[in-house]
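S.K.: take this sequence and fold it.
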Amino acid sequence: MASSLTCAGVIWAFLSFLCAAASCVGFFMPYWLLGSQLEKSVSFGTFRRCSYPVRDESRQMTVMVEQCGRYASFQAIPSAEWRICTVVTGLGCGLLLLVALTALMGCCVSELISRTVGRVAGGIQFLGGKCSCGKGMGM
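M.R.: Below you'll find the model as predicted:
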C-alpha cells in the first residue's frame with residue numbers, strides 16, 4: 001500500500017490514535033473522582049457515576065445504589081460546570097479521534113494528506129487536546 005506520510009507522519013498517526021483512544025476511554029469511564037460517601041466507595045466523572053446516593057421515599061432515608069451507570073439525562077449531571085465539561089470534553093475527544101483516523105487512513109492511501117492538511121490536522125488535534133484535557137480553555 002502506498003502512503004502519503006513520511007516516517008515521522010506514520011509515528012504521529014499511530015501515537016495520535018493511541019492518545020485519542022485513551023482520551024475517549026477516560027471520558028466514558030466514571031473514575032475521574034474517587035471517594036467515599038455513607039461509608040461506601042464512590043466514583044464519578046462527567047458522563048458516568050458509580051455508587052451514588054438516592055432518596056428512598058418508602059423508608060424516608062438516603063440509600064446508596066451500588067452500581068455504575070450514566071446520568072439519566074443531561075440535566076441530571078450535578079452542576080452546570082460538569083455539563084459544560086461533558087460537552088467540551090466530548091467535542092475534544094471527537095476532534096482527536098477524527099484527526100487520528102484521518103492520519104491512519106493517510107498511512108494506507110497515497111496523496112491523502114498534504115503538508116497543508118497535516119498542519120491543519122495538527123492544529124485541530126492541538127485544539128482537541130486542549131478541550132479534552134481542560135487546560136488553557138479557562139477550566
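S.K.: mind listing the helices for the chain?
M.R.: Chain-ordered helices for the chain, with DSSP state H as the definition, fall at 7-28, 80-108, 115-133.
S.K.: low-confidence stretches in the chain?
M.R.: For the chain, applying pLDDT under 70 flags the ranges 1-4, 112, 131-139.
S.K.: which residues touch the residue nearest the centre of the chain?
M.R.: Centroid check for the chain by C-alpha atoms, centre = their mean gives F27 as the closest residue, at 3.3 Å. Neighbouring residues of F27 by C-beta atoms under 8 Å, 6 or more residues apart in numbering: 45-47, 89-90, 93, 132. (Each C-beta comes from the backbone N, C-alpha and C, glycine too.)
S.K.: change it to 10 Å
M.R.: By C-beta atoms under 10 Å, 6 or more residues apart in numbering, the residues touching F27 are 45-48, 86, 89-90, 92-94, 132.
S.K.: equivalent analysis for M29, please.
M.R.: Per C-beta under 10 Å, 6+ apart, neighbours of M29: 43, 45, 47-48, 50, 68.
S.K.: from those residues, pick the one nearest T102.
M.R.: Proximity of those to T102 was ranked by C-beta to C-beta; the top entry is F47 with 24.8 Å.
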